[in-house]
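*Asks:* What follows is a predicted protein model with its sequence.
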Amino acid sequence: MLQTKNLFARALCVAVTMGQVCATAMAAEADVPLDEVLTIGSRADIDNITGSAHLVDAAELDKFEYADIQRITRSIPGVSIQIEDGYGLRPNISIRGVATERSGRITLLEDNVLIAPAPYSAPSAYYFPTAGRMQAFEVVKGPAAITQGPYTIGGALNMVSTAIPTQAGGMVMLEYGQDSTARLLAQYGDTLDNGVGYLLEVQQWQSDGFQVIDKSDADSGLDVTDYMVKLAYAPADSRHSVELKLQKADQDSNQSYLGLTDVDFRANPDRRYSLSELDNIETAHEQAIFQYRFEISESLSLAATAYNNTHERDWFKTEGIDLDGSMTAQDYSGTSWSNVIGAVNTGSDLNGVSATQLNAILNGSVDTAFGSIQLRSNAREYYSRGLQTKLDWKLLVGDVSHEVEVGLRYHEDEEDRLQQNDTYQQINGKLVLNDLGELGNAGNRIQQAEAIALHVYDRIEFGQWTLTPGFRYESIDQSRTRFRDGAQRSFRDARENHTSVFLPGLGAIYRLNNNLSLVAGVHKGFTAPSNSPGVREEEAVNAEFGFRFKNDSTAFEIIGFQSDYSNLLGECTASSGADCEIGDAFNGDAATVRGVEVFGSKQFLLSDDLSLNTQVAYTYIDGQFDTSIADTDFFGDVDAGDPIPYIPEHQLQLSISLDAAKWQLSANLGRVDAVCTRASCGVFEKTDSATNLDFAAQYYVQDNLKLFSRIENVTDERDILGRQPYGARPNKDRTASVGVELRF
């Protein structure tokens, strides 16, 4: 890997140098905007995509000024969410029934660049871009997703950052709400006559949190700082353009894996046990993206993107308790809080300790033995970097037009774990440190991946038809090395695997008339396996069929889909709450996911300056195992026909807004079915069905000055929306905020 890293560094240097030289030395014919950050582009472009695609653009985002990605993506059919923290700091997102946990089964992109900390070797999204600074969100599913791998069964979510403005200007947005929640977003940029463009952006987001920790003055809040700089050079008389993006984000949040028993949740869903008082995660993320585009001719263009992401995190949190006296800081052998809460819920003994005694420990009403409680410093470092190129070629053969896209990406990433367990005891409901563990006693390993991905995609148009045949090829090498002796890192063991896969696909549109089209597609989907030996990659044959209708005031789409898995993959992480070794993966064998997605919008003109705008997004998903699997550590005891965890059968969002010249009133009403959190779906392995209503209002004092307000969860519904990692977890309570936005 060291030789590969050096080669990559030299290639990155050459790419950057080449772009700078070309941009300053070459001059030619066309003014070409740098648009490689887009997957869809605009709402008008959706009609031409041979697959299901959805765009949440700036106009829609402006209605509610959400900072929570979970609330933003509810308007997209086919997308499911597993609530964990209530703010969307580390969301669990699924598309078309893939596993929700840490968004690890969908392709996550920012500006069309892979954004998970280590997309191949550790895809769980412990970093997620700050949603409040984005100007658009794009989701592609079906055959169109093969251009956006490596995770192509569900699809891809691309987050589009603020673009460099074409003329001098900026904005400042200030928001303040309950729980001492405050947010500042400021931007300024310009594009000069000589083609030089720039953008400066900063976002600050703080809150005390909505949960209250027993016997503690500590809050459950967050502190997020996000800075971005963009520099571009695209002269009007040049066929070359370049853009450099630098971004840095820091987060400090008092988030915990520890939830509640059902009895305690029903009494007070906003409570947190004092055992979680010290739980905190700190992260630091840096991104650099250099993009170069060369318009070779009117029909041929080349784009190259070099990217480097680094991420550090340390999640210090309570992991479990010693119930039998065998645990030390150096050799943890305790019981996870997931099992403790499960025993309290069912009234069962655990290692000879009664449910009543376990409940007293959780409530802080009894002291525990010396060294009985383990807290872990989950410290990890990541990098993700690569070089991706794309060639676009437009040609006409007789009456048939082709738009051919050829993409090639070299990527490498790494996760480096050097973690530490410490032991505490609970005295009078407070944690007291007993023993600092040794560095590396809770994980001392490096996971790495190298991948080469190639895709070819041809958009063919003739008569009323559009066909998009294409394929994706992935070649992936993965490895894991474990060490002893802490930071000195003497070799312990190693394992590795190699995966190569060919993924064909075909999409089609047939235009019945100017307003109505039929849409169909089939493609082979893929999820990369981990480095666990004997684990097969996740593969599925995916098919979809439906229609789109659109005129000046109405848009409607209904698409049915099916994913036929030859192997459903389960991967063990701490956040899954499963009783297994972190990093191991499990074969779930055959499974089937089928469903229907419905999306519609309608505008009613009530007068010259007043309109009523409505939108509906509905998803039906039936996901189930096709084979029986005996008592797995990850999936549980699976019988054929059992549901795939955390995928709701029905979910619906209705949106309505009343728009006038100087004001706007909006409402979002969402409904989500209860889900099973394990395949066995026992009494305490289900969530609640949930209804959520949000209101928002805006008033323009003048064209560039806007006042706004928002109330989330208007009816103050309090439901169990998750049970992982350890116990019942709530949605955020009713929360109001007000703000002002000035553009100049």
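*Replies:* Looks like it came in fine.
*Asks:* all strands of the stretch 451-600 of the chain, in order?
*Replies:* With DSSP state E, counting those that start in this stretch as the criterion, the stretch 451-600 of the chain has strands at 465-484, 490-511, 516-527, 538-550, 554-567, 569-571, 585-587, 591-607.
*Asks:* just how off-centre is the helix or strand where residue 243 lies within its chain?
*Replies:* Using DSSP states H and E, residue 243 maps to strand 240-253. Centroid separation between strand 240-253 and its chain, computed with Cα atoms, centre = their mean, to the nearest Å, is 18 Å.
*Asks:* Which strands or helices does that strand pack on?
*Replies:* Packed against strand 240-253 by the contact rule (3 or more Cβ pairs under 8 Å, 6 or more residues apart in numbering; DSSP states H and E) you find helix 2-25, strand 222-233, strand 280-295. All C-beta atoms are positioned from the backbone trio N, CA, C, and that covers glycine.
*Asks:* Against which helices or strands is the very next helix or strand once past that strand packed?
*Replies:* Next in sequence after strand 240-253, counting helices and strands by DSSP H and E, comes helix 262-267. Applying 3+ Cβ pairs under 8 Å, 6+ apart, one finds that helix 262-267 makes contact with helix 337-346.
*Asks:* how about the helix it packs on: buried residues?
*Replies:* Within helix 337-346, the residues scored as buried using 16 or more other Cβ atoms under 10 Å are 337, 338, 339, 340, 341, 342, 343, 344, 345.
*Asks:* Can you show me the CA trace of stretch 735-744 as CSV?
*Replies:* Output of stretch 735-744 as CSV, limited to C-alpha atoms (Å, rounded to 0.1, in the frame of the first residue of the first chain):
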residue,chain,number,x,y,z
THR,A,735,-39.6,22.7,18.7
ALA,A,736,-40.1,26.2,17.5
SER,A,737,-37.6,28.6,15.9
VAL,A,738,-37.4,32.0,14.2
GLY,A,739,-34.9,33.5,11.9
VAL,A,740,-33.9,36.2,9.5
GLU,A,741,-32.2,36.1,6.1
LEU,A,742,-30.5,39.0,4.4
ARG,A,743,-29.2,38.8,0.8
PHE,A,744,-26.9,41.4,-0.7
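*Asks:* Run through who's touching that stretch.
*Replies:* The contact list for stretch 735-744 (Cβ atoms under 8 Å, 6 or more residues apart in numbering) reads 65, 169-179, 181, 183, 210, 704-713.
*Asks:* Quick one: buried ones out of those residues?
*Replies:* Buried among the contacts of stretch 735-744 (16+ other Cβ under 10 Å): 65, 170-171, 173, 175, 177-179, 181, 183, 210, 706, 708-713.
*Asks:* Single out the most deeply packed of the strands of the stretch 451-600 of the chain.
*Replies:* Most buried of the strands of the stretch 451-600 of the chain, by mean neighbour count (mean count of other Cβ atoms under 10 Å): strand 569-571, with a mean of 25.
*Asks:* Check the average confidence over that one, would you?
*Replies:* Average pLDDT, strand 569-571: 61.
*Asks:* got it, and stretch 602-620?
*Replies:* Mean predicted confidence for stretch 602-620 is 97.
*Asks:* contact partners of that stretch?
*Replies:* With Cβ under 8 Å, 6+ apart as the criterion, stretch 602-620 contacts 74-80, 553-555, 595-601, 648-661.
*Asks:* hang on, the earlier thing: the buried residues of helix 337-346: which two are farthest apart?
*Replies:* For the buried residues of helix 337-346, the farthest-apart pair by Cβ to Cβ is 337 and 345; their separation is 12.2 Å.
*Asks:* How many residues are close by residue 398?
*Replies:* 6 (other Cβ atoms under 10 Å).
*Asks:* Ok, residue 322 next?
*Replies:* Using other Cβ under 10 Å, residue 322 has 22 other residues around it.
*Asks:* how far out from the middle of the chain is stretch 47-59?
*Replies:* 18 Å.
*Asks:* okay, how far is it across that stretch, tip to tip?
*Replies:* Stretch 47-59 has an end-to-end distance of 19 Å (Cα to Cα, to the nearest Å).
*Asks:* Which positions within that stretch qualify as buried?
*Replies:* For stretch 47-59, the neighbour count (16+ other Cβ under 10 Å) marks 47, 48, 49, 50, 51, 52, 53, 54, 55, 56 as buried.
*Asks:* of all those residues, which two lie farthest apart?
*Replies:* Largest separation among those by Cβ to Cβ: 50 and 56, giving 20.8 Å.
*Asks:* residues of stretch 530-539 that come out buried?
*Replies:* Neighbour-count burial for stretch 530-539 flags 530, 531, 532, 535, 537, 538, 539 (criterion: 16+ other Cβ under 10 Å).
*Asks:* tell me how far the ends of it are from each other?
*Replies:* This stretch, stretch 530-539, spans 14 Å end to end (Cα to Cα).
*Asks:* average pLDDT for it?
*Replies:* Mean pLDDT, computed over stretch 530-539, is 78.
*Asks:* can you check stretch 658-672 too?
*Replies:* 97.
*Asks:* and what of stretch 56-75?
*Replies:* Computed over stretch 56-75, the average pLDDT equals 95.
*Asks:* Stretch 117-136 now?
*Replies:* What stretch 117-136 shows for mean pLDDT is 94.
*Asks:* looking at it, residue 123 is touching residue 116, isn't it?
*Replies:* Yes. With contact defined as Cβ atoms under 8 Å, residue 123 counts as touching residue 116 (5.2 Å).
*Asks:* Spit out the residues that contact these two alike.
*Replies:* The contact lists of residue 123 and residue 116 share residue 104, where a contact means Cβ under 8 Å, 6+ apart.
*Asks:* related to what we said a few turns ago, report the buried residues of the strand holding residue 243.
*Replies:* Buried residues in strand 240-253, counted by 16+ other Cβ under 10 Å: 240, 241, 242, 243, 244, 245, 247, 249, 251, 253.
*Asks:* mind putting the residues you listed in JSON lines, pLDDT included?
*Replies:* Converted to JSON lines, the buried residues of strand 240-253 look like this (pLDDT from 0 to 100):
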{"residue": "240", "pLDDT": "96"}
{"residue": "241", "pLDDT": "95"}
{"residue": "242", "pLDDT": "96"}
{"residue": "243", "pLDDT": "97"}
{"residue": "244", "pLDDT": "98"}
{"residue": "245", "pLDDT": "98"}
{"residue": "247", "pLDDT": "98"}
{"residue": "249", "pLDDT": "98"}
{"residue": "251", "pLDDT": "98"}
{"residue": "253", "pLDDT": "97"}
